[in-house]
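Asker: Build me a model:
(one chain, ligands or ions: 2)
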Amino acid sequence: MEKILVIGACGQIGGELTLALRQKYGAGNVIASDIKEEAEILKGTGPFLKLDIMNAEATRDLVKKENIKEIYLLAALLSATGEKNPKLAWELNLGSLRQILHLCVDEKIKLFWPSSIAVFGKTTPRENTPQKTIIEPSTMYGITKYTGELLCDYYNKKFGLDVRSVRYPGLISWKSEPGGGTTDYAVEIFYEAIKKGEYICFLSENTYLPMMYMDDAIRATLEIMQVSRKKIKTSMGYNLSAISFSPKEIGDEIKKYIPDFKISYAPDHRQAIADSWPASIDDSVARADWDWKPEFDLPKMTQVMLENLKEKLK
Ligand code: NAD
Ligand code: SER
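Answerer: Ligands and ions are numbered 1, 2, ... in the order given. You can find the predicted model right below:
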């Protein structure tokens, strides 16, 4: 039986993606792995292995032993953590990708590797940023993502590797917490609103960024991996878009449910990262190539986040 391997399965995306893949392909056919201990969300749902992706030999052995034919490589340092440790961001984000690309060519494995809106920089048009435009990232995270996209494209053209990628916006979820990004405020704000009724935001009130509810991100990931390769016109990351809002706007939306909620602003080092990214994204190429379409807008996402987090935090 051919199997799927998720690397970095204990992170914000990995937990929910693993569960979605298990539902679709059967629990036993989806192996979750991470350098960390198994996350709570995964316990009892299927096979889990501790794996450091930087250990190329252990990874190759696992892939051969389990007859892995599809990999989702999610292990990475995100933007804020990456700026604190650029050397590790470079080594992990690209070291993992380079060795997985080789492995996928050797073992004829289909690969999903996520990119990010962080590929864009200050010289990129900020509104409705197109698929193809000026790309000059200023963070180490963005540099690793753009370099990674170029590597994916090279391996597709040179070796015929079936590698697929999207540029996720900031992802918002209630099941798993985010892991060191600049868009994390848009998750923290819900926790603090419910627990304390107030939130001090690390970005300024009018900082618009592209965001997406996790269900849309998981569906996009399953969809891009499922469509016929003929529809995938690039192995670089596809722009994906859903919602664009500022801290003030999401705060106002939360106030509709928690009228006394107070938000204040104390921008920190993450403001400069946010200021270098687009405010909104044009994803018409993904829509045209593989029929991508988001389902969650700001009001729907806010309602679902508050309903579920209120239950979770009881
Ligand atoms: P995360 O930080 O929540 O999870 C990453 C996981 O990788 C963690 O569980 C971590 O333990 C694991 N990991 C780290 N080093 C490892 C190693 N050496 N071996 C094995 N596992 C290791 O990140 P996430 O938010 O789930 O993001 C997953 C991917 O999606 C990343 O490539 C990220 O850049 C990309 N992405 C995420 C977002 C977002 O908003 N969450 C947006 C754009 C792109
Ligand atoms: N959400 C991610 C971050 O803020 C974007 O890739 O780092």
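
Asker: Now stretch 121-130: buried residues?
Answerer: Buried residues in stretch 121-130, defined by neighbour count with 16 or more other C-beta atoms under 10 Å: 121, 124, 129. The way it works is simple: take the backbone N, C-alpha and C, and place the C-beta from them, glycine included.

Asker: That one near ligand 2 at all?
Answerer: No: if you take C-beta under 6 Å from any ligand atom as the test, stretch 121-130 misses ligand 2, and the best it gets is 13.3 Å.

Asker: ok now that stretch, how far from the chain's centre?
Answerer: 20 Å (C-alpha atoms, centre = their mean, to the nearest Å).

Asker: Let's see the pLDDT reported for residue 1.
Answerer: In this model, residue 1 is scored at 71, pLDDT.

Asker: what's the nearest residue to it if we skip its chain neighbours?
Answerer: residue 29 (6.4 Å; C-beta to C-beta, 6 or more residues apart in numbering).

Asker: how far away is the residue of the chain at minimum distance from ligand 2 from residue 11?
Answerer: Nearest residue of the chain to ligand 2, counting by C-beta to the nearest ligand atom: residue 181, 2.6 Å away. Look at residue 181 and residue 11: by C-beta to C-beta, to the nearest Å, they are 11 Å apart.

Asker: Let me see the mean pLDDT of the longest helix anywhere in the chain.
Answerer: Of all segments of type helix in the chain, defined using DSSP state H, the longest is helix 86-107. The predicted model gives helix 86-107 an average pLDDT of 98.

Asker: Also stretch 295-305?
Answerer: On average, stretch 295-305 scores 98.

Asker: Where does pLDDT dip in the stretch 51-200 of the chain?
Answerer: Within the stretch 51-200 of the chain, no stretch has pLDDT under 70.

Asker: Would you map the helices across it?
Answerer: Using DSSP state H, counting those that start in this stretch, the helices of the stretch 51-200 of the chain run over 56-65, 79-84, 86-107, 140-159, 185-195.

Asker: Return the set of buried residues in the fourth one.
Answerer: The reference is to helix 140-159. Buried residues in helix 140-159, counted by 16+ other C-beta under 10 Å: 140-149, 151-153, 155-156.

Asker: Does anything pack onto that helix? Which helices or strands?
Answerer: Where contact means 3 or more C-beta pairs under 8 Å, 6 or more residues apart in numbering; DSSP states H and E, helix 140-159 is packed against helix 79-84, helix 86-107, strand 115-116, strand 163-164.
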